[in-house]
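> What follows is a predicted protein model with its sequence.
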Amino acid sequence: MNAKVYVLLRVKESKSEQAVKTLRGKVGVRLLDVLEGPPDVIMMVQARERRRLAELTVAALASVEDITEDLQLLPTPDGCSASVLTKSLRAKGATRKG
C-alpha cells in the first residue's frame, strides 16, 4: 500500500507559481496546485514506504527557498506521521524563515 501526505504551504508573496514550478517533477510529488490562500500551495507526496515518504517530502520542501515557516502536514492513515516529517525537516534545516 502506498503512503501519502498532503502538505499545505505558505510561500512569500507572489512566489506561489515559482514554488509549484520548482516542485513539479520532484520524485514522489503527485499533486500540486496553487490555492487562493493562505495556504498558498497544496502538494501531495506519495511513496511505497513511510520512511521513503519522509525522505521525498523533506527533499521536495528543501528545494523551495520561498517557503515560510507556516507549514501544515496532513498525513493519511497509511502515511508518515507529522512528527516524523517535522523532525526530519528540522534536522535538515529545510524550513526557512519568511
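Yep, that arrived.
> Going along the chain, name the helices of this structure.
16-23, 50-62, 82-92 (DSSP state H).
> now for the first one, which elements pack on it?
The one in question is helix 16-23. strand 3-11, strand 29-34, strand 41-47 (3 or more CB pairs under 8 Å, 6 or more residues apart in numbering; DSSP states H and E). C-beta here means a position set from N, CA and C on the backbone, and glycine is covered the same way.
> So which residues make contact with it?
Here helix 16-23 makes contact (CB atoms under 8 Å, 6 or more residues apart in numbering) with 9, 11, 29, 32-35, 37, 40-41, 43, 60, 63-64, 66-67.
> Can you turn the buried subset of those into a selection I can paste into ChimeraX?
Command for ChimeraX that selects the buried part of the contacts of helix 16-23, burial taken from 16 or more other CB atoms under 10 Å:
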select :9,11,29,32,40,41,43,60,64,66,67
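> closest to Arg50 among the contacts of helix 16-23?
Ala60 (15.7 Å; CB to CB).
> Roughly how far does the nearest residue to the closest one once chain neighbours are set aside sit from Pro38?
In space, and not counting its chain neighbours, Ala60 is closest to Lys26: 4.5 Å by CB to CB, 6 or more residues apart in numbering. When distance is defined by CB to CB, to the nearest Å, Lys26 is 22 Å away from Pro38.
> Which one's more surrounded, the two?
Lys26 (18 against 12; other CB atoms under 10 Å).
> distance of Asp70 from Gln46?
Using CB to CB, which is the criterion applied here, Asp70 is 23 Å from Gln46.
> Compare those two (neighbour count), which wins?
The neighbour comparison of Asp70 against Gln46 (other CB under 10 Å) goes to Gln46, with 19 against 14.
> for that one, what are its contacts?
2-4, 28, 30, 53.
> need the residues you listed in JSON lines with pLDDT, neighbour count and distance to Ala19, can you?
Shown next, in JSON lines, are these (pLDDT from 0 to 100; neighbours: other CB atoms under 10 Å; distance: CB to CB, whole Å):
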{"residue": "Asn2", "pLDDT": "84", "neighbour count": "12", "distance to Ala19": "24"}
{"residue": "Ala3", "pLDDT": "87", "neighbour count": "21", "distance to Ala19": "23"}
{"residue": "Lys4", "pLDDT": "89", "neighbour count": "21", "distance to Ala19": "19"}
{"residue": "Gly28", "pLDDT": "95", "neighbour count": "19", "distance to Ala19": "16"}
{"residue": "Arg30", "pLDDT": "95", "neighbour count": "11", "distance to Ala19": "16"}
{"residue": "Leu53", "pLDDT": "90", "neighbour count": "25", "distance to Ala19": "20"}
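> All set now, cheers.
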